[in-house]
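Novice: Okay, sequence plus prediction incoming.
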Amino acid sequence: MHDFTIASARAALRAKKVSAQELTEAHLDAIAALNPRLNALITVMPETARAQAAAADAALARGEAHALSGIPLAIKDLFCTGGVRTTAASRILEPFVPPYESTVTANLLRAGAVFLGKANLDEFAMGSSNMTSAFGPVTNPWTRRGDNRALVPGGSSGGSAAAVAARLALGATGTDTGGSIRQPASFCGIVGIKPTYGRCSRWGIVAFASSLDQAGPFARTVEDCAILLGAMAGHDPKDSTSADVPVPDFAAACTRGVKGLRIGVPREYRSDGMAPEIEALWQQGIAWLREQGAEIIDVSLPHTKYALATYYIVAPAEASSNLARYDGVRFGLRKDGEDLDQLYENTRAAGFGAEVRRRIMIGTYVLSAGYYDAYYLRAQKVRALILRDFTEAFRHCDALLTPTAPSAAFGQGEKMDDPVTMYLNDVFTVPANMAGIPGLSVPAGLDAQGLPLGLQVLGKPFDEETVFAVGAAIERAAAFNVLPAIRAGA
Ligand code: GLN
């Protein structure tokens, strides 16, 4: 039951070899057995899942198979789910039960998906380790060889990635503002894609940094991610930044191959202290693509070195503005005070964790009179230069290949005392958010300690098809089939 991919489960469901209800029960059992150890899900939704599975079985019996009929998924707890508690992994939203469904989750439900539960994350998606969740850290299902200390799953979508890697769900949703899909995918040995900004609607997703946030899927294969993205994406009049462009058959693109494609290798994607295995894996990835008929091109993205610094101005600035709405008046938690100011102060002090408060303070500072021009406006200008680098590079190549993250998964509690070290996790993923381009992480090998490492494929805006084609080519060559220590069916 747990060896299924989305594609193979879909075929088995249509051939009546398995029912949606059996598939759902198997995953609910796996969650009951392993979630106490992993803490990947904040909320489990057994009744909802059973009802959705029964409805999927009825539809399948009528011969009405939709793209995801009966496929059990985990939903990052940043997506509003109608009638189901949504936390953003923060105390400040307690007890918020949205009366509406986000567009992305509504699209998935329309495609017949079954929702098993809401996945843990860093508070308001701010983090790279899942350590900032008000609901406790997530444990990576992978451990180092001969060492069973708990590792982080990455972040912010760490619960989604851990759930898929440990086989608690066939796929999951995530969001990626600076790497929150790709870095956890790399840390957990699965596939994740951040599509082009505007590909998926942001409506009904708790906002972090609105000009960077994008929803995307996690799954155990590139094809499965393509299937999920096809169901999630699409124009939405309720999000003015959602793009009115057709949604192509992403899954079909996975079999295109890379013959004749020009793959750029950006020379700036190296960081101090990057593990030698990562450099070696990158060279291996280049060799795999060359062997499959791609032409490898050396490219330069000169403003990459400013991307992280600029991100940590733009993202907190937008966060400080977006999070102003949590004031104890309209949503969730309220801590009363003598007057209105005290109500705000008490509520926000009690409701927000340390990382969120740090971001709000940085964001408020860089937007304040006198500093706006020096920081925020300047960061926006650098952002335009980062985009120009990519536009220039894509005149010479069809996609770029880079490492996803500068390290493999690290221990829970490591890097916690130094926010700058933590922020360095995003050094290779942030530029794609700054430029709005799609990026996919695909597991490509193991480090010396037996932990998975991902390679990142970056593409032109709205050319996820080429990204999937390149990702699938790496997947075929890597034949990555190692499984994590903690998993259902082990
Ligand atoms: N790790 C990055 C941050 O902390 C990115 C988070 C994200 O993509 N949501 O901001």
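Specialist: Cool, the structure landed.

Novice: which one is Ala7 nearest to, not counting chain neighbours?
Specialist: Spatially, and ignoring its direct neighbours in sequence, Ala7 is nearest to Glu223 (5.4 Å; C-beta to C-beta, 6 or more residues apart in numbering). For glycine as for every other residue, the C-beta is placed from the backbone atoms N, C-alpha and C.

Novice: quick one: contacts for that neighbour?
Specialist: For Glu223, the set of contacting residues under the criterion of C-beta atoms under 8 Å, 6 or more residues apart in numbering consists of 5-7, 251, 254, 472.

Novice: how close does the residue most central in space within the chain sit to Thr105?
Specialist: Of all residues in the chain, the one closest to the mean position by C-alpha atoms, centre = their mean is Ile181, 2.0 Å from it. Ile181 is 16 Å from Thr105, where distance means C-beta to C-beta, to the nearest Å.

Novice: residues making contact with stretch 273-290?
Specialist: If you take C-beta under 8 Å, 6+ apart as the criterion, stretch 273-290 is touched by 258, 261, 263, 265, 270, 296, 401-403, 406-408, 444-445, 447-448, 453, 455, 470, 473-474, 477-478.

Novice: Out of these, which sit inside strands?
Specialist: Judged by DSSP state E, strands contain the following of the contacts of stretch 273-290: 263, 265, 296, 401-403, 444-445, 453, 455.

Novice: filter these down to the ones close to the ligand.
Specialist: Checked against the ligand using C-beta under 6 Å from any ligand atom, the ones in strands among the contacts of stretch 273-290 yield no neighbours at all.

Novice: now for those, which pair is the farthest apart?
Specialist: Of all pairs drawn from the ones in strands among the contacts of stretch 273-290, the one with the largest separation by C-beta to C-beta is Ile296 and Leu453; the distance is 19.8 Å.

Novice: which of the ones in strands among the contacts of stretch 273-290 lies closest to Phe135?
Specialist: Comparing the ones in strands among the contacts of stretch 273-290 against Phe135 with C-beta to C-beta picks out Leu453 as the nearest, at 28.0 Å.

Novice: Give the helix, strand or coil label for the residue nearest to Ala7.
Specialist: Three-state secondary structure (criterion: DSSP: H, G, I helix; E, B strand; the rest coil) places Glu223 in helix.

Novice: Report pLDDT for it.
Specialist: Looking at Glu223, its pLDDT is 98.

Novice: same question, the one 3 residues further on
Specialist: Among the per-residue scores, Ala226 shows a pLDDT of 99.

Novice: Determine how far the least confident helix or strand in the chain by mean pLDDT lies from the middle of the whole chain.
Specialist: Lowest by mean pLDDT, DSSP states H and E among the helices and strands of the chain is helix 419-423, with a mean of 84. Its chain's average C-alpha position is 19 Å from that of helix 419-423, according to C-alpha atoms, centre = their mean, to the nearest Å.

Novice: Need the residues that contact that helix.
Specialist: Residues outside helix 419-423 that contact it (C-beta under 8 Å, 6+ apart) are 127-129, 308, 312, 355, 358, 415-416.

Novice: Farthest-apart pair in the residues you listed, please.
Specialist: Leu308 and Met416 (18.6 Å).

Novice: Go through stretch 79-90 and flag the buried ones.
Specialist: Neighbour counts over stretch 79-90 (16 or more other C-beta atoms under 10 Å) mark 79-81, 84-90 as buried.

Novice: quick check, nearest of those residues to Asp29?
Specialist: Val84 (20.6 Å).

Novice: Against the ligand, how distant is the closest residue to the closest one other than its chain neighbours?
Specialist: Nearest-residue entry for Val84: Met45, 6.0 Å, with adjacent residues in sequence omitted and distances by C-beta to C-beta, 6+ apart. In this view, Met45 and the ligand are 23 Å apart by C-beta to the nearest ligand atom, to the nearest Å.

Novice: how many other residues sit next to Met45?
Specialist: Met45 is flanked by 23 other residues according to other C-beta atoms under 10 Å.

Novice: Go ahead and list the helix or strand containing Val467.
Specialist: The secondary structure element spanning Val467 is helix 464-478 (assigned by DSSP states H and E).

Novice: What's the mean pLDDT across that helix?
Specialist: Regarding helix 464-478, the rounded mean pLDDT is 98.

Novice: next one: stretch 150-164
Specialist: The pLDDT scores in stretch 150-164 average 98.

Novice: Would you mark the buried spots in it?
Specialist: Buried positions in stretch 150-164, judged by neighbour count with 16+ other C-beta under 10 Å: 150-164.

Novice: How about stretch 342-361?
Specialist: Neighbour counts over stretch 342-361 (16+ other C-beta under 10 Å) mark 343-344, 346-348, 351-353, 355-356, 359-360 as buried.

Novice: how close does Gly63 get to Ala111?
Specialist: Going from Gly63 to Ala111 by C-beta to C-beta gives 16 Å.

Novice: likewise Arg256?
Specialist: For Arg256, the distance to Ala111 - C-beta to C-beta - is 23 Å.

Novice: same check, this time on Thr347
Specialist: Applying C-beta to C-beta to Thr347 and Ala111 gives a distance of 38 Å.

Novice: With Ile181 instead?
Specialist: 19 Å.

Novice: right, and the residue nearest to the centre of the chain touches Pro195 too?
Specialist: No: taking contacts as C-beta atoms under 8 Å, Ile181 lies outside contact range of Pro195: 9.4 Å.

Novice: got any residues that touch both of these two?
Specialist: Common neighbours of Ile181 and Pro195, using C-beta under 8 Å, 6+ apart, are Gly216.

Novice: what sits against the residue nearest to Asp176 when sequence neighbours are not counted?
Specialist: With sequence-adjacent residues excluded and distances taken as C-beta to C-beta, 6+ apart, Asp176 is closest to Lys194, at 3.7 Å. Applying C-beta under 8 Å, 6+ apart, we find Lys194 in contact with 176, 181-182, 214, 216, 429, 432-433, 438-440.

Novice: Of these, which belong to strands?
Specialist: Among the contacts of Lys194, the members falling in strands are 176, 214, 216, 439-440 (criterion: DSSP E).

Novice: List the contacts of Gly136.
Specialist: Counting by C-beta under 8 Å, 6+ apart, Gly136 makes contact with 39, 120.

Novice: Likewise for Met361?
Specialist: Shown in contact with Met361 (C-beta under 8 Å, 6+ apart): Ser320.

Novice: same thing but 10 Å
Specialist: 316, 320 (C-beta atoms under 10 Å, 6 or more residues apart in numbering).

Novice: Are we agreed that it is in a helix?
Specialist: Yes: counting by three-state DSSP, Met361 is found in a helix.

Novice: Neighbour count for Ile296 and Leu453, which is higher?
Specialist: Neighbours of Ile296 and Leu453, each counted by other C-beta under 10 Å, are more numerous for Leu453; the result is 26 against 15.

Novice: who's that one bridged to?
Specialist: Following DSSP bridges, Leu453 is listed with bridge partners Gly445.

Novice: Run a quick check on it versus Asp447, I expect a contact.
Specialist: Yes: with contacts counted by C-beta atoms under 10 Å, Leu453 reaches Asp447, the gap being 5.7 Å.

Novice: which residues do those two both contact?
Specialist: In the contact map built from C-beta under 10 Å, 6+ apart, the residues linked to both Leu453 and Asp447 are 275, 277-278, 280-281, 407-409.

Novice: okay if I get these as JSON lines plus neighbour count and distance to the ligand?
Specialist: Converted to JSON lines, the shared contacts of Leu453 and Asp447 look like this (neighbours: other C-beta atoms under 10 Å; distance: C-beta to the nearest ligand atom, whole Å):
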{"residue": "Ala275", "neighbour count": "18", "distance to the ligand": "19"}
{"residue": "Glu277", "neighbour count": "19", "distance to the ligand": "22"}
{"residue": "Ile278", "neighbour count": "25", "distance to the ligand": "18"}
{"residue": "Ala280", "neighbour count": "13", "distance to the ligand": "25"}
{"residue": "Leu281", "neighbour count": "20", "distance to the ligand": "22"}
{"residue": "Ser407", "neighbour count": "21", "distance to the ligand": "13"}
{"residue": "Ala408", "neighbour count": "25", "distance to the ligand": "16"}
{"residue": "Ala409", "neighbour count": "29", "distance to the ligand": "14"}
